[in-house]
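>>> here is the input, now give the coordinates:
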Amino acid sequence: MIHHTKSMPAPPILEQRKKTKSNDYRIKEVVERVRDDFKNKCYICEYKAPPTINVEHFIPHRGNRDLMFDWNNLYYACGHCNNLKSHIYDDILNCLNPDDDVENRIHLKMEALPFKNVEVKARVNDSRTLKTKELLNLVYNGSTTIKTVEAQNLRKILLYDLLNFQKKLFEYYELDEDDEDKVDIKKEITRHLKSSSAFTAFKRWIIKDTNQYMEDFGYTFEAVQPSNIG
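Numbering: from 1, shown residues only. Next up, the predicted model:
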């Protein structure tokens with residue numbers, strides 16, 4: 001999970017629909033705006049352009065129409081994550097709230113090898129961080145038989161993406177400073193670290209975990225550099 005920012009103002013049609021008997025908040029304008037705000041990524045697992053999508057309620061509405069049509073309560077999630085979160089995980093870190101510091105409170109790591117699970121670590125021992133850790137562990141490593149298979153499929157996509165990112169890092173540090181290709185490779189690494197990239201949190205932690213990487217690439221996400229957590 002990484003920090004996102006919601007575009008404003010809210011689509012007027014949400015307030016219009018709330019005043020009717022309709023429960024449909026998944027209007028074209030709303031879906032497209034939510035998709036763009038979350039960079040076409042599931043806000044939980046960071047799968048880019050997921051094959052199944054949901055406009056989900058961060059706080060379960062439970063029939064409350066204010067929450068149902070609240071623009072700030074509508075998030076972009078894949079089917080896998082939305083099903084796991086459901087109404088059970090209703091008190092997790094909020095990726096829209098910079099004070100929650102989700103990128104530094106949860107450490108994510110996956111060894112670039114087949115059959116490895118994702119390591120999810122809470123860097124703060126409070127209930128919301130621990131609840132977020134619990135959800136992310138289920139998302140990436142599975143729970144039931146079906147969800148375990150879905151998690152395996154997700155990790156495979158994650159693995160290939162991380163291998164590509166790490167390959168670029170390897171190439172960058174193998175080249176001489178005056179090599180013309182070094183500039184282009186640095187641009188590719190920087191693109192991987194943008195919020196629009198798939199699995200950004202994993203890649204940023206690869207950078208944050210190594211001082212040399214931070215010296216060379218930490219500037220690309222200065223607002224979310226490691227705090228004094230942990």
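>>> list the contacts of the closest residue to residue 124 other than its chain neighbours.
Once flanking residues are discounted, residue 124 sits nearest to residue 105: 5.0 Å by C-beta to C-beta, 6 or more residues apart in numbering. All C-beta atoms are positioned from the backbone trio N, CA, C, and that covers glycine. Each residue near residue 105 by C-beta atoms under 8 Å, 6 or more residues apart in numbering is listed here: 93, 122-124, 129, 132, 229.
>>> report the buried residues of the longest helix along the chain.
Secondary structure assigned by DSSP state H gives helix 145-174 as the longest helix of the chain. Buried residues in helix 145-174, counted by 16 or more other C-beta atoms under 10 Å: 147, 150-151, 154-155, 158-159, 161-162, 165, 168-169, 171-172.
>>> for stretch 130-141, same thing?
Buried residues in stretch 130-141, counted by 16+ other C-beta under 10 Å: 131-133, 135-141.
>>> could the residues you listed be laid out in a markdown table, adding secondary structure and distance to residue 80?
As requested, the buried residues of stretch 130-141 are exported to a markdown table (DSSP: H, G, I helix; E, B strand; the rest coil; distance: C-beta to C-beta, whole Å):
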| residue | secondary structure | distance to residue 80 |
| --- | --- | --- |
| 131 | helix | 18 |
| 132 | helix | 16 |
| 133 | helix | 17 |
| 135 | helix | 12 |
| 136 | helix | 12 |
| 137 | helix | 14 |
| 138 | helix | 10 |
| 139 | helix | 7 |
| 140 | helix | 10 |
| 141 | helix | 12 |
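>>> residue 94 is in contact with residue 132, correct?
No. If you go by C-beta atoms under 8 Å, residue 132 and residue 94 don't touch, sitting 9.5 Å apart.
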